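*Asks:* Quick one: sequence plus predicted model below, questions after.
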Amino acid sequence: MMIILAVTGDNMQFVNRREELDFLNRYWNESGFQFVPLYGRRRVGKTRLAREFLQGKRGIYFLADSVSEREQLKNLGRDVGELFSDTILMESGFRDWQQFFAYIAENSRSERLALVIDEFPYLVYANSAIATIFQKAIDTLLKETSLFLVLMGSSIGMMEQEVLFSKAPLYGRRTASLEVREMEFSALEGFYPGLPLEQRVGLYAVFGAIPAYLERVNPNETPLENVRRLALDRGSFLYSEVEFLLREELREPRNYFVILRAIAQGKRKLAEIINDTGFDKNHLSRYLDILRTLRLLDKEIPVTERYPDKSRMGLYLIHDYYVSFWFRSVFPWRGRLELGSIDYVTDRIARDFDRLLGTVYEKICRELCRKFMVDGVMQFSALGKWWNRHAEIDLVALDEEESIAWFGECKWSVNKVGTDIFHSLQEKAAQVEWRNENRQDRFILFSRSGYTDEMLKLAATDGVILVYGDKIVDLL
């Protein structure tokens, strides 16, 4: 799903989140009671989406906080009372949840009313039975009303435990659900119109496309200058962000720290992670599964594997860009940063920064392929990487229907890509076992710095697609 914002001065302005808004409005326009859990990691833009959705609608937005249940009910009464001009309720609040739900039910029987409760997990912390209380209210009071109920939360684990999983008290009551995910690289053009590709890739490699991070980025600074200001100073916004994120989601953050650090430092195979962390296989597998459930970790499988769940070729990588960058480039230097050696750490990050961008560019190229498919340039049913013991291909896309295999290389180099890169890719493609008898091979190359004249001529005659940065080269 695409989220697009634009920068005006120092403020991030909401421009468009069409798919998410359309989704919520579609259910808003349906009759009867609707319950839509809305969840996603911290700072991804859920609150902004909810506020935009509420524009022009009769509704209540309530932000739960880490206070007592009594205080929550008082604050809730103030917000509800303000909507209905109920001065007594504004002053005294609700005495209990039964009174709250009875009041909401009475006022939403004959008209559509939106009730958005943000940071629902804080209500759970104040009262561990709150999900059951909501479930009973839906069953006895709300299901016959026209209420549009949205429960939001940044703790994915808590939302799944209380709302989404099959054993959760509220499971089966939802009429829809929406996970707000991180934006893709293409959204940065909306954030920073006219910013050169290299700077956009540099910012994306560090901060991903999390709105709360990008609104603090200064596009007039280099990516490393932004890193220095936002992540390396002890008092900066992102200095302790990852620790906070993991403590919010995990009961044993220390164990997960060890695992994520190992993966960030290149230990991607299961055996390598076991050797580095000292965890036995059963415990480690459980930890890895939890990290994948929380969208903090991905498991990459060669795209040609017939049974991915049973494959022993899997490699683990950190899903979140800033979490990955922090474990790779900030956490190892925390001791020096605590002593104020920011210049030293910035210099160490700079030495390895271009290689990091090369890795991220591979992921951007896959995103570009999805765009090319929408544009009709190529078609495929599976997209990913491929490797065996002897070779690796950055990008492989398989068209099951037409038996076409696309092979691609992504070169983040200051040198132009020549025919040697293309011929090497052809040799590696010949090793790929997939419909060998009747498949048609196609090729696509991606380059930061363009192509040699020889490669341009070869591409024109052999039908190779060339991408310069993030745009297809016109070979006519």
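*Replies:* Yep, that arrived. Numbering: from 1, shown residues only.
*Asks:* switch to C-alpha atoms for all contacts and neighbour counts from now on
*Replies:* OK.
*Asks:* Output the below-cut-off pLDDT ranges for the protein.
*Replies:* Within the chain, the set of residues satisfying pLDDT under 70 comprises 1-16.
*Asks:* Centroid-nearest residue for it?
*Replies:* In the chain, the residue lying closest to the centroid (C-alpha atoms, centre = their mean) is Glu182, at 3.1 Å.
*Asks:* Tell me how far that one lies from Tyr39.
*Replies:* 12 Å (C-alpha to C-alpha, to the nearest Å).
*Asks:* Verify the stated contact: the residue nearest to the centre of the chain with Val44.
*Replies:* Yes - under the criterion of C-alpha atoms under 8 Å, Glu182 lies in contact with Val44, with a separation of 6.0 Å.
*Asks:* who touches both of the two?
*Replies:* Common neighbours of Glu182 and Val44 (criterion: C-alpha atoms under 8 Å, 6 or more residues apart in numbering): Ile210.
*Asks:* Show me the helices in the stretch 151-300 of the chain, by range?
*Replies:* Remark: helices assigned in the stretch 151-300 of the chain by DSSP state H, counting those that start in this stretch are 156-159, 188-191, 197-207, 211-214, 223-227, 241-249, 253-264, 270-277, 281-293.
*Asks:* Centre of the chain to stretch 92-110, how far?
*Replies:* Centroid separation between stretch 92-110 and its chain, computed with C-alpha atoms, centre = their mean, to the nearest Å, is 36 Å.
*Asks:* what comes into contact with it?
*Replies:* Residues outside stretch 92-110 that contact it (C-alpha under 8 Å, 6+ apart): 70, 73-78, 113, 133, 137, 141-142, 144-147.
*Asks:* buried set for that stretch?
*Replies:* Residues Gly93, Phe94, Trp97, Phe100, Phe101, Ile104, Ala105, Asn107, Ser108, Arg109 are the ones in stretch 92-110 that count as buried (16 or more other C-alpha atoms under 10 Å).
*Asks:* Distance to Met158 and secondary structure for these - can I get that in TSV?
*Replies:* Converted to TSV, these look like this (distance: C-alpha to C-alpha, whole Å; DSSP: H, G, I helix; E, B strand; the rest coil):
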residue	distance to Met158	secondary structure
Gly93	27	coil
Phe94	25	coil
Trp97	21	helix
Phe100	23	helix
Phe101	23	helix
Ile104	25	helix
Ala105	26	helix
Asn107	30	coil
Ser108	28	coil
Arg109	30	coil
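*Asks:* rewinding a little: and the helices of the stretch 151-300 of the chain as JSON lines, adding distance to Val432 and mean neighbour count?
*Replies:* Output for those, formatted as JSON lines (distance: least, C-alpha to C-alpha, whole Å; neighbours: other C-alpha atoms under 10 Å):
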{"stretch": "helix 156-159", "distance to Val432": "38", "mean neighbour count": "21"}
{"stretch": "helix 188-191", "distance to Val432": "35", "mean neighbour count": "20"}
{"stretch": "helix 197-207", "distance to Val432": "30", "mean neighbour count": "21"}
{"stretch": "helix 211-214", "distance to Val432": "39", "mean neighbour count": "18"}
{"stretch": "helix 223-227", "distance to Val432": "37", "mean neighbour count": "19"}
{"stretch": "helix 241-249", "distance to Val432": "39", "mean neighbour count": "16"}
{"stretch": "helix 253-264", "distance to Val432": "27", "mean neighbour count": "18"}
{"stretch": "helix 270-277", "distance to Val432": "24", "mean neighbour count": "16"}
{"stretch": "helix 281-293", "distance to Val432": "28", "mean neighbour count": "15"}
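*Asks:* As a markdown table, these with distance to Ala350 would be great.
*Replies:* Conversion of those to a markdown table gives the following (distance: least, C-alpha to C-alpha, whole Å):
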| stretch | distance to Ala350 |
| --- | --- |
| helix 156-159 | 34 |
| helix 188-191 | 22 |
| helix 197-207 | 11 |
| helix 211-214 | 20 |
| helix 223-227 | 7 |
| helix 241-249 | 21 |
| helix 253-264 | 17 |
| helix 270-277 | 26 |
| helix 281-293 | 29 |
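*Asks:* Report the residue ranges of every domain in the protein.
*Replies:* The chain resolves into domains spanning 4-179, 194-358, 378-472 when parsed by automatic domain parsing.
*Asks:* Tell me where the stretch 101-250 of the chain has strands.
*Replies:* Assigned by DSSP state E, counting those that start in this stretch, the strands in the stretch 101-250 of the chain fall at 113-118, 147-153, 178-179.
*Asks:* how about the ones you listed, which one is nearest Val258?
*Replies:* Closest of those to Val258 is strand 147-153, at 26.3 Å (criterion: C-alpha to C-alpha).
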